[in-house]
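Novice: Please work out how this folds:
(3 chains)
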Amino acid sequence: MKIFSKLYTILVFLFLYAPIIVLIIFSFNSSSSTSMLTGFSLQWYKALFKDEATLTALYNTVILAVCSSVIATALGTAAAVGIDKMKKGAVRSGIMAVTNIPMMNPEIVTGISMMLLFVFAGSLVKNSAVLGFGTMLVAHVTFNLPYVILNVLPKLRQTDKNLAEAAQDLGCRPASAFFKVVLPSIMPGVITGMIMAFTLSLDDFIISYFTSGPGFQTLPIAIFSMTKRRVKPDMYALSALIFVSILVLLIIYNVAQQKSEEKTKKKS
Amino acid sequence: MKKVVALLLALAAVMLPAFSGFAAEADEIEALRGTTLYVYNWGEYISDGSDDSLDVIKEFENRYGITVVYDTFDNNETMYSKLKSGGVAYDIVIPSDYMIERMISEDMLEKIDFSNIPNYQYIPEKYRSLSYDPKNEYSVPYTVGMVGLIYNTEMVSEAPTSWNALWDKNYTGGILMFNNPRDAFAIAQSILGMDYNMQSEASWKVAAELLKEQKIVSPTYVSDEVFNMMESGEAAFAPYYAGDFLSMQENNPALALVYPEEGVNFFVDAMCILKGSKNKRAAELFIDYMLDPEIALANAEYICYASPHTGVYNNPEYTYYQNEILYPEEGKFKTQNFLNLKPETLALMSTLWDDVKNHIPNTDSSNYDFFFGDGELGNAEGTVMTPEAWSYVIYIGIFVAICLAYVLFRYARKKYREKV
Amino acid sequence: MSNRSSLGSKLIAAPYIVWAMLFIIAPLIFVVYYSFTNADGNFTLANMAELGKCAPTFLRSIGFGIVATLICLVIAFPLAYIISQKTDKVQRTLVMLVMLPMWMSFLIRTYSWMALLQDTGIINSFITKLGLDPVHMINTPGAVILGMVYNFLPYMIMPIYSVMAKLDYSMVEACQDLGGNRLTVIRKCIIPMSMPGVVSGITMVFVPSVSTFYISQKLGGGSFDLIGDVIERQFQQSYNYNLGAAISLVLMVLILICMAVMNRFTEDEEGMVI
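Specialist: Residues are numbered from 1 along each chain as shown, chains lettered A, B, ... in the order given. The predicted model follows:
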């Protein structure tokens, strides 16, 4: 059973990582082909660092992901706290139903509906150049929100309601009671929600495709716009770099955690 | 003698205002420093500094102190719908011919002041006042090109001469086709000797029938996948743009390209200024800069498409100087350009294209015969439901039935247990 | 006192409610508006009438979506169970590893699947080296479904895992104490208890599978148009916003009905679990 489960895990991860291994291999290809290996070279990494448009797109993607996940986390956590306080009933289930919409709705429909809204709003304020960073940020925050709320809510339900009240009885103001008592106990949910929001925003193509505007192209859009010509291996090189750096971060994080755990063990 | 005098006079006439205007112009350009210019171009369609090429945008910024915001699109239609949706504002955009015509007719473009573009002298007469911009007011050609038939010499013994090769049953499964209606229809129209820009509904239907017939060789509809598939020898034939063929050939020397005898599509991608541009003078400066022989050469080398710039294609240093693929002898074969189609024709084309994509050929070995005898259900004219669709109905039906049965079973069991 | 403070804390959700009104509800009204008007803005049912043509595509999308979802479920359930049995630290690492591929653009990942699946691709050259006949994989429905399974598998693993990780193991132990062997424990105890996760997993895989538009173009060789492709064409190439909106509306309603039915299976009225 143990061997079987190990084998199974390895197989699934092999499936998940097969294309990533392929793209790392092809990022070292010496020709511009992404289907035939002709030799080893680092030229695509060199090309990548000279290609300002791609680097700008990467920068834009990260900025957008950071901003949208932070805003979504703040807004979503507040919303979750509020919803948690509400009594079960029509209002609450109505809000929950609305919260589920961006998750259940196909991305393409969300993207289109957002675009229609923004263009309409733009025509109202007589500003033709409404699409851009702002609209993309709004769109990303919107589809990130449910993930944050649904990660925080269960944690709120698990926390002891009396805890916050006890803190208030001891003289804490409601706000500081929240920050000192409630927030730490729901922190894991907040962080998971934020990571999910960040990941989704980073990977999103469809919604960005419909809501992007001049001067703010994210990486997926830049890649898609190459599809009449050729997606060159420098994109593979970029993906490989992102992958390796995250993997390294992950390993460092794990090692650091292990060390701190060992320390606490020794102390106790 | 008279001629020489006339020429001198003409020269003087040209030079005088140029000299007197020189100082003023320099001031004008200087005043643009610190402004921003929004450019919207095809992806991978400018020399960007990789492979030791010139970074054209950066060079422009350095030279004139104008910040360039550079975005890219993947096809004319997406570009148009982005602009048309009204949510964006660019100064310069580089669409293809028929799209320029459409944008002119919809008053989306601004007239260019050609006196601000002295380098326009490099564009020869044959690339001026083309059908999409007959009065030569709105556009400056950037690249030109043709669609050719690419084939793999290792898989095809005899060089094809006709688009009919794409219908050849001997290469079933090894044939690629454009995944966009306009280019795909153009091939069928070439074979049928039709005009690419015809209005008649009946003729479009005939062309669609021909495209449906192609389904027998099970073509793969591709856009950029064509690069991978041709280079790795996955397919024998593919129609694609001649400029892109050159980069495929670099990776697989066994590839060759012909221009079929029935005629090919000739296209121009040209620089235009959008209506409402907030920085028109800088936009004109940018267009002039792009026509600078040195810059135009860098772009032509990078993009690999043919250049309409005399300073490029007459330059012996140019990699593709007198290249037969990019600059074939004129008049050797028929070429046609795309013009803007009426909205009704566009809608018709798009519906017919959906039909083509959903069409299933009537072959003897079809799997669907298993379900539907001789396939009479789906292939009758006018029915929407293909046998494939019916099989999905059956599968989904079975699935839903199983789910329902399970739910009922659970419900019954629950009731039963409650009773017990 | 306690009443007033609870009112105050309810108000903390107000910004979100305003946001949801503006950016979740309002856009949907636009979709509805566009689907019942023509290009001039007059009321029409013509868009709905034209939908009949899309029936085969709808059916194909739903068919592919169901298959992809079932495969995801079959793959993800055991994996989520296995992960949830590990120690906390290993769990964290494995979960991060499941999420990690999503940090690279899915366009690029789909692209490298092409290199894997081609007739002359990596898998096939491996197969021929083993002395077997190459298998034609790309441009088949199977390839499209594989692309969907690959791209959306993490969305199935995550919710199931997060429910399993939180399972009340005293129940499981009780089950074991009552003499259940491992399989019975899984069948009678773990599966019913992780149902909420399964339901949201199914939602999160089925919805994007039905509506995706890039995977089918790249891995299906353009021969298996899905409903997402049709919508995208209406908006980006035919400029028929009204028809595009109509198709979107129907797709949305279909999916919402499916999901409403699905959610009947779980008692948790709080909606989805992630």
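Novice: Now do the residue of the stretch 51-200 of chain C found nearest chain A, the pLDDT please.
Specialist: Proximity to chain A, evaluated over the stretch 51-200 of chain C using CB to the nearest CB, is greatest for C:S112 at 3.9 Å. C-beta coordinates here come from the backbone N, C-alpha and C atoms, glycine included. Note on C:S112: pLDDT of 88.
Novice: Check the gap between it and chain B for me.
Specialist: 10 Å (CB to the nearest CB, to the nearest Å).
Novice: Just the CA atoms of the host helix or strand of that residue, as PDB, please.
Specialist: C:S112 belongs to helix C:106-117 when elements are defined using DSSP states H and E. The C-alpha coordinates for helix C:106-117 follow below in PDB (Å, rounded to 0.1, in the frame of the first residue of the first chain):
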ATOM      1  CA  PHE C 106      -0.700  28.100 -19.100                       C
ATOM      2  CA  LEU C 107      -0.200  29.200 -22.700                       C
ATOM      3  CA  ILE C 108       3.400  28.100 -22.500                       C
ATOM      4  CA  ARG C 109       2.600  24.800 -20.800                       C
ATOM      5  CA  THR C 110       0.000  23.900 -23.400                       C
ATOM      6  CA  TYR C 111       2.700  24.700 -26.000                       C
ATOM      7  CA  SER C 112       5.100  22.200 -24.500                       C
ATOM      8  CA  TRP C 113       2.400  19.600 -24.500                       C
ATOM      9  CA  MET C 114       2.400  20.000 -28.300                       C
ATOM     10  CA  ALA C 115       6.100  19.100 -28.300                       C
ATOM     11  CA  LEU C 116       5.300  16.000 -26.200                       C
ATOM     12  CA  LEU C 117       2.300  14.700 -28.100                       C
END
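Novice: Past it, which element shows up next along the chain?
Specialist: Next helix or strand after helix C:106-117 toward the C-terminus (DSSP H and E): helix C:122-129.
Novice: Compute the inter-axis angle for that next one and helix C:106-117.
Specialist: 10 degrees (axes from the mean of the first three to the mean of the last three CA atoms, to 10 degrees).
Novice: Is any residue of the helix or strand where C:S170 lies near chain A?
Specialist: For C:S170, the host element (DSSP H and E) is helix C:169-177. No: Helix C:169-177 does not reach chain A (CB under 8 Å from any CB of the partner chain); its nearest approach is 14.9 Å.
Novice: Which positions in that helix come out as buried?
Specialist: Going by neighbour count (16 or more other CB atoms under 10 Å in any protein chain shown), the buried part of helix C:169-177 is C:V172, C:C175.
Novice: How about stretch B:162-175?
Specialist: B:W163, B:A165, B:L166, B:W167, B:D168, B:Y171, B:G174, B:I175.
Novice: tell me which parts of the stretch 151-274 of chain C are close to chain A?
Specialist: Counting by CB under 8 Å from any CB, the stretch 151-274 of chain C sits next to chain A at C:153-154, C:166, C:182, C:203-204, C:207-208, C:210-211, C:213-214, C:228, C:231-232, C:235, C:241, C:244-245, C:248, C:251-252, C:255-256, C:259, C:269-274.
Novice: can you pull the contacts of the residue in the stretch 101-250 of chain C positioned nearest to chain A?
Specialist: Distances between the stretch 101-250 of chain C and chain A by CB to the nearest CB are smallest at C:S211, namely 3.2 Å. By CB atoms under 8 Å, 6 or more residues apart in numbering or on different chains, the contact list for C:S211 reads A:P106, A:E107, A:I108, A:V109, C:S61, C:L226, C:I227, C:G228, C:I231, C:L251, C:I255.
Novice: and these as JSON lines, adding distance to chain B, neighbour count and secondary structure?
Specialist: Putting the contacts of C:S211 into JSON lines (distance: CB to the nearest CB, whole Å; neighbours: other CB atoms under 10 Å in any protein chain shown; DSSP: H, G, I helix; E, B strand; the rest coil) gives the following:
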{"residue": "A:P106", "distance to chain B": "18", "neighbour count": "24", "secondary structure": "coil"}
{"residue": "A:E107", "distance to chain B": "17", "neighbour count": "22", "secondary structure": "helix"}
{"residue": "A:I108", "distance to chain B": "14", "neighbour count": "28", "secondary structure": "helix"}
{"residue": "A:V109", "distance to chain B": "16", "neighbour count": "29", "secondary structure": "helix"}
{"residue": "C:S61", "distance to chain B": "9", "neighbour count": "27", "secondary structure": "helix"}
{"residue": "C:L226", "distance to chain B": "11", "neighbour count": "27", "secondary structure": "coil"}
{"residue": "C:I227", "distance to chain B": "12", "neighbour count": "28", "secondary structure": "helix"}
{"residue": "C:G228", "distance to chain B": "14", "neighbour count": "28", "secondary structure": "helix"}
{"residue": "C:I231", "distance to chain B": "12", "neighbour count": "26", "secondary structure": "helix"}
{"residue": "C:L251", "distance to chain B": "15", "neighbour count": "25", "secondary structure": "helix"}
{"residue": "C:I255", "distance to chain B": "14", "neighbour count": "21", "secondary structure": "helix"}
